[in-house]
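Student: what would the 3D arrangement of this be:
(one chain, ligands or ions: 1)
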Amino acid sequence: MTDTVDDVDLPYDDDASQQDKISALRERLEIIERQNEEMRDKLLDANAENNKFQQKLERLTHENKKLKQSPLFVATVQEVTDNGVIIKQHGNNQEALTDVTDEMRSQIEPDSRVAVNNSLSIVKTLDNETDVRARVMQVERKPEVSYADIGGIDEQIDEVRETVEMPLTSPGMFDAVGIEPPAGVLLYGPPGTGKTMLAKAVANQTDATFIKMAGSELVHKFIGEGAKLVRDLFELARQHEPAVIFIDEIDAIASKRTDSKTSGDAEVQRTMMQLLSEMDGFDERGQISIIAATNRFDMLDRAILRPGRFDRLIEVPKPGVEGRERIFQIHTRSMNVADDVDFAKLAETTEDASGADVKAICTEAGMFAIRDDRTEVYMADFEAAWEKIQQEEAEENEDVSRTFA
Ligand SMILES: Nc1ncnc2c1ncn2[C@@H]1O[C@H](COP(=O)(O)OP(=O)(O)OP(=O)(O)O)[C@@H](O)[C@H]1O
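Tutor: Below you'll find the predicted structure:
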């Protein structure tokens, strides 16, 4: 590093003319200015990157905090009186008189749905019930997915057809043979392997309405609603027969718990009990199939696997090399793929990719072509897309472990 002016090597000889000295110094100045500009650009880039990571960290920290927060209970306002507000808690139907701030008082009226904390203070007002149902339950009249859209899990497709489709399409066969069709089918395996697609394909094939319920939404929101939502779910299916009920992330309501003392756990238990009683009382099931899915088979409470409940287990693994090739073909059906693209080779390279990863690679490869102002997608685009997806996954894992450390 240069400390004093005396150390600087001047860009001219001592005996140079005044004019030469000036032009040599000007040239040096230009170089320095250019370098300065480059450094400033780099600094800007680094700041932007830093900002991005800060935001990601904040988001993850916020999510972490939310997960740790104690749950709120749901209640309905009965009466707004001068002495306070009378509420009735969902779940246990107990009434209570609670105080509210003037601001909150102006937002509520009899029949408003509110969230209350452990000391029964009203924390916030809630959307009406139909909005909650719409968020937790997704209803699709004959989804568009067919078995031909699913690659690499042919055995599982056959099994699902036998156990879920046949009872809907040929119930007489089971009667004639004298056996009971499975009550519920549980699909388990890593994320993004096609479990939801399988359930949708059954609904498509049998011309049934697909009703999806997200297990995590059921219990992470507000206490006192899970059991009711489960009742509503089965009621909705009865109204839409034939129907396929798909309960995603069933581990959220049916996991083994070591500590059931917290109100959150009691709520989860109540929700699970409601699900089991709906299934147990389902002898006259009509044309309704129940499929559940989980990525955490190890966490499941064995009570839900008993006969008459989820008594058929189907493992849906990540695809093998041939499966990946097939999934590449499926997801590039409508893409403008160049002749140099070799799906067999891509399938070899993308070891450990799930079906969802393969789909993401295809979309990302298309994006690379668009960024390059091309309409044809090359082999190199697919390779670069796989690199990018792997890198993003690694960064995400790093972020998560840093936030939760
Ligand atoms: N076997 C497959 N064949 C074709 N596409 C697949 C396959 N598996 C996953 N995909 C693609 O990945 C997307 C997500 O798959 P899907 O939702 O069925 O996975 P999942 O097993 O239900 O995952 P999760 O456990 O995360 O809910 C699908 O919409 C599809 O585009």
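Student: how about the contacts made by the residue in the stretch 301-405 of the chain positioned nearest to the ligand?
Tutor: For the stretch 301-405 of the chain and the ligand, the shortest gap (CB to the nearest ligand atom) falls at residue 355, measuring 2.1 Å. Every C-beta, even on glycine, is put in place using the N, C-alpha and C of the backbone. The contact partners of residue 355, taken as CB atoms under 8 Å, 6 or more residues apart in numbering, are 150, 151, 152, 192, 193, 194, 197, 318, 319, 323, 327.
Student: from the chain's centroid, how far away is the lengthiest helix in the chain?
Tutor: In the chain, assigned by DSSP state H, the helix with the most residues is helix 18-68. The chain centroid and the centroid of helix 18-68 are separated by 35 Å under CA atoms, centre = their mean, to the nearest Å.
Student: list the strands paired with the helix or strand just after that helix, with their directions.
Tutor: Per DSSP states H and E, the first helix or strand lying C-terminal to helix 18-68 is strand 72-81. Strand 72-81 pairs in its sheet with strand 84-89 (antiparallel), strand 113-116 (antiparallel), strand 222-223 (parallel), by DSSP bridges.
Student: show me which positions of the first one end up buried.
Tutor: For strand 84-89, a neighbour-count test (16 or more other CB atoms under 10 Å) marks 85, 86, 87, 89 as buried.
Student: other residues contacting that strand?
Tutor: 73-80, 94-100, 105, 108, 114, 116, 120, 122, 224.
Student: recalculate using a threshold of 7 Å.
Tutor: Here strand 84-89 makes contact (CB atoms under 7 Å, 6 or more residues apart in numbering) with 73, 75-79, 95-100, 108, 114, 116, 122, 224.
Student: same question for the second one.
Tutor: For strand 113-116, the external contacting residues (CB under 7 Å, 6+ apart) are 72-77, 87, 108, 122-126, 128-129, 222.
Student: in PyMOL, select just the buried ones from the residues you listed.
Tutor: The buried subset of these, as determined by 16+ other CB under 10 Å, is captured in PyMOL by this line:
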select buried, resi 72+73+74+75+76+77+87+108+122+126+222
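Student: looking at the contacts of strand 113-116, which is nearest the ligand?
Tutor: residue 222 (23.1 Å).
Student: pLDDT score for that closest one?
Tutor: Listed pLDDT for residue 222 reads 60.
Student: by mean pLDDT, show me the worst of the strands paired with strand 72-81.
Tutor: It's strand 222-223: among those, that one has the lowest mean pLDDT, namely a mean of 62.
Student: now the element after it, going C-ward?
Tutor: helix 226-239.
Student: elements contacting that next one?
Tutor: strand 209-214, helix 215-220, strand 243-248, helix 263-280 (3 or more CB pairs under 7 Å, 6 or more residues apart in numbering; DSSP states H and E).
Student: the same query, at a cut-off of 6 Å, please.
Tutor: strand 209-214, helix 215-220, helix 263-280 (3 or more CB pairs under 6 Å, 6 or more residues apart in numbering; DSSP states H and E).
Student: so for residue 27, which of the ones you listed sits nearest?
Tutor: Closest to residue 27 of the helices and strands packed on helix 226-239 is helix 215-220 (CB to CB; 65.1 Å).
Student: just for the stretch 251-400 of the chain, where's the confidence low?
Tutor: Low-confidence segments of the stretch 251-400 of the chain (pLDDT under 70): 257-264, 282-285, 399-400.
Student: let me see the ranges of the helices in it.
Tutor: Assigned by DSSP state H, counting those that start in this stretch, the helices in the stretch 251-400 of the chain fall at 263-280, 321-331, 343-349, 355-371, 379-403.
Student: who in the stretch 1-150 of the chain is up against the ligand?
Tutor: Residues of the stretch 1-150 of the chain that fall close to the ligand, judged by CB under 6 Å from any ligand atom: residue 150.
Student: pick out the residue of the stretch 1-150 of the chain closest to the ligand.
Tutor: Closest point on the stretch 1-150 of the chain to the ligand, by CB to the nearest ligand atom, is residue 150, at 4.5 Å.
Student: got the residues of the stretch 201-350 of the chain near the ligand?
Tutor: 248, 293, 295, 319, 327, 330.
Student: on that earlier part again, adding distance to residue 233, write the helices of the stretch 251-400 of the chain out as JSON lines.
Tutor: Formatted as JSON lines, the helices of the stretch 251-400 of the chain follow (distance: least, CB to CB, whole Å):
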{"stretch": "helix 263-280", "distance to residue 233": "8"}
{"stretch": "helix 321-331", "distance to residue 233": "31"}
{"stretch": "helix 343-349", "distance to residue 233": "39"}
{"stretch": "helix 355-371", "distance to residue 233": "26"}
{"stretch": "helix 379-403", "distance to residue 233": "31"}
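Student: of all the ones you listed, which lies closest to residue 15?
Tutor: helix 355-371 (55.9 Å).
Student: picking that back up, nearest to residue 143 among the residues of the stretch 201-350 of the chain next to the ligand?
Tutor: residue 248 (13.8 Å).
Student: break this structure down into its domains, please.
Tutor: Split into domains by automatic domain parsing, the chain comes to 5-68, 73-128, 134-315, 321-404.
Student: looking at those, which is buried most?
Tutor: Sort the domains of the chain by mean neighbour count, taking mean count of other CB atoms under 10 Å, and domain 134-315 sits at the top with a mean of 19.
Student: relative to the whole chain's centre, how far out is that domain?
Tutor: 17 Å.
Student: picking that back up, give the rounded mean pLDDT of the longest helix of the chain.
Tutor: 87.
Student: what helices or strands is that helix leaning on?
Tutor: helix 379-403.
Student: now the helix it packs on against helix 321-331, angle please.
Tutor: Comparing the axes of helix 379-403 and helix 321-331 via axes from the mean of the first three to the mean of the last three CA atoms, to 10 degrees yields an angle of 110 degrees.
Student: hmm, helix 379-403 touching the ligand?
Tutor: No. Using CB under 6 Å from any ligand atom, helix 379-403 stays clear of the ligand, coming no nearer than 12.7 Å.
Student: tell me the angle that helix makes with helix 18-68.
Tutor: 60 degrees.
Student: now the nearest residue to residue 270 once chain neighbours are set aside: how far from the ligand?
Tutor: Nearest residue to residue 270 in three dimensions, chain neighbours excluded: residue 227, at 4.9 Å (CB to CB, 6 or more residues apart in numbering). As for residue 227, its distance to the ligand is 24 Å (criterion: CB to the nearest ligand atom, to the nearest Å).
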